[in-house]
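Novice: Coordinates only, no sequence provided:
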């Protein structure tokens, strides 16, 4: 299989090994069968949960928050990147189930681009949110002029530009071709540079997708933890737990995948060439890739819903939609706005404007 970031757009390598990489008698039929039912099921589940969770974040940020703070800008972009990411999953789900790409050459490149840009932008915005929290807590006074909505928009544009540049090589190389009587959507490199490009793509994922973000997050949150440890605040314990959750979630969901990618790089360099090792790596890619994908479903919970004011706004939004649905079914006049603003869903505007360490 293609050792680039996008495992799911190169399934054909699971089914027909490259000449010289795996001995002829080696069969990966079990890997193919496993992927044909395992991946579509989990991709569909991740798509539904990710779409609902991140969709709610976007709606709340636009309808209620009005993007008044830099953090809101970053949370919106994180949700958009996750939505871009999950939008590609139904296509890869169908590709995995049918073992054939039926959507044409343009969508092959477009969906590959959506996936990769969503992946890189998601990781980068998690890193940027960590930096934002670091500035807000460790350098609260000095960073006031830097943490404006305008600067947040400019930084977001830079992040999207970097994500686009990181995705361009794989988008360019992705194409539809016929293999063994079936259409595939995969990255095609020149024969002389095939291994080199695979290694470049793998190391790009390891460095941009894990090592750099992890280093930045660790530095930021260790500094934040040091400040909170000296701070006499009754909400300190909750803030520390949230910081621990952020780092551990990123580690647990993305480290296994990056480890398997690194092992695939070693395989390309001549190690783990036996049939059993290759099949084990292929199965490991299925599991760890899906685990990493699931992280986009946790982002709304970790970065948005954990904040009390955001939680109340989500409930208010859902209650409003539910009220409208009931009204439509009963063909009655809309419920008064005062009902949704009642004491049942009250929230303080000052909480929305505050910038305490507990909201990450």
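Specialist: Sure thing, it's come through. In this text, all values refer to a predicted model and were calculated from it rather than measured experimentally.
Novice: Report the residue spans of the stretch 51-200 of the chain with pLDDT below the cut-off.
Specialist: Low-confidence regions of the stretch 51-200 of the chain, defined here as pLDDT under 70, cover residues 191-194.
Novice: ranges for the helices of it?
Specialist: 70-87, 89-98, 104-138, 149-173, 194-206 (DSSP state H, counting those that start in this stretch).
Novice: Compare those and give me the one nearest residue 318.
Specialist: helix 70-87 (16.4 Å; C-beta to C-beta). Every residue, glycine included, has its C-beta placed from N, CA and C.
Novice: Quick check: buried residues in stretch 263-270?
Specialist: For stretch 263-270, a neighbour-count test (16 or more other C-beta atoms under 10 Å) marks 263-265, 267-268 as buried.
Novice: actually stretch 310-324, sorry about that
Specialist: Of the residues in stretch 310-324, 310, 312-314, 316-317, 319-320, 323 count as buried by neighbour count, 16+ other C-beta under 10 Å.
Novice: rewinding a little: which ones among the buried residues of stretch 263-270 are found in strands?
Specialist: In strands, judged by DSSP state E, none of these are found.
Novice: Quickly name whichever of the residues you listed is closest to residue 100.
Specialist: The nearest member of the buried residues of stretch 263-270 to residue 100, counting by C-beta to C-beta, is residue 264 at 23.7 Å.
Novice: how many neighbours does residue 163 have?
Specialist: Other residues lying near residue 163 total 23 when counted by other C-beta atoms under 10 Å.
Novice: And the furthest pair within the buried residues of stretch 310-324?
Specialist: Distances among the buried residues of stretch 310-324 were taken as C-beta to C-beta; the most separated pair is 310 and 323, at 20.3 Å.
Novice: I'd like to know how far the closest residue to residue 195 other than its chain neighbours sits from residue 284.
Specialist: The spatially closest residue to residue 195, leaving aside those adjacent along the chain, is residue 268, at 5.3 Å (C-beta to C-beta, 6 or more residues apart in numbering). When C-beta to C-beta, to the nearest Å is applied, the distance between residue 268 and residue 284 equals 15 Å.
Novice: Residue 149 too?
Specialist: When C-beta to C-beta is the yardstick, residue 149 and residue 284 sit 43 Å from each other.
Novice: swap in residue 120?
Specialist: Computed with C-beta to C-beta, the distance linking residue 120 and residue 284 is 22 Å.
Novice: and the angle for the helix or strand containing residue 44 with helix 104-138?
Specialist: Assigned by DSSP states H and E, residue 44 falls within helix 29-60. Inter-element angle recorded for helix 29-60 and helix 104-138: 60 degrees (by axes from the mean of the first three to the mean of the last three C-alpha atoms, to 10 degrees).
Novice: Please verify my assumption that residue 246 contacts residue 220.
Specialist: No: assessed by C-beta atoms under 8 Å, residue 246 is found out of contact with residue 220, at 9.8 Å.
Novice: give me the low-pLDDT residue ranges for the stretch 201-350 of the chain?
Specialist: Under the criterion pLDDT under 70, the flagged ranges of the stretch 201-350 of the chain are 232-237, 239-240, 272-273, 307-308, 324, 326-350.
Novice: Could you pull out the helices in it for me?
Specialist: So, for the stretch 201-350 of the chain - with DSSP H, counting those that start in this stretch - the helices run 212-230, 236-268, 275-293, 295-300, 308-330, 337-340, 349-353.
Novice: Compare the ones you listed and give me the one nearest residue 38.
Specialist: With C-beta to C-beta as the criterion, residue 38 lies closest to helix 275-293 of those, at 6.2 Å.
Novice: roughly how far is the closest one from the heart of the chain?
Specialist: Averaged C-alpha coordinates place helix 275-293 at 19 Å from its chain's average position (C-alpha atoms, centre = their mean, to the nearest Å).
Novice: what does stretch 65-80 give?
Specialist: 16 Å.
Novice: Repeat that for stretch 91-98.
Specialist: Stretch 91-98 has its average C-alpha position 19 Å from the chain's average C-alpha position, going by C-alpha atoms, centre = their mean.
Novice: mind listing what's buried in it?
Specialist: In terms of neighbour count (16+ other C-beta under 10 Å), stretch 91-98 has its buried residues at 91-97.
Novice: between these, which is nearest residue 48?
Specialist: The nearest one, if we look at the buried residues of stretch 91-98 relative to residue 48 and count by C-beta to C-beta, is residue 93, at 11.3 Å.
Novice: Surely that closest one and residue 36 touch.
Specialist: No: the criterion here is C-beta under 8 Å, and residue 93 misses it with residue 36 at 10.5 Å.
Novice: any residues in contact with both of residue 246 and residue 220?
Specialist: Shared contacts of residue 246 and residue 220, defined by C-beta atoms under 8 Å, 6 or more residues apart in numbering, comprise residue 130.
Novice: Who's the closest spatial neighbour of the most centrally placed residue in the chain, skipping the chain neighbours?
Specialist: Among the residues of the chain, residue 296 comes closest to the average C-alpha position under C-alpha atoms, centre = their mean, at 4.2 Å. Of all residues beyond its chain neighbours, the one nearest residue 296 is residue 82 (4.1 Å), with distances taken as C-beta to C-beta, 6+ apart.
Novice: and the one you found, what does it touch?
Specialist: Under the criterion of C-beta under 8 Å, 6+ apart, the contact list for residue 82 reads 50, 54, 118, 122, 296, 299-300.
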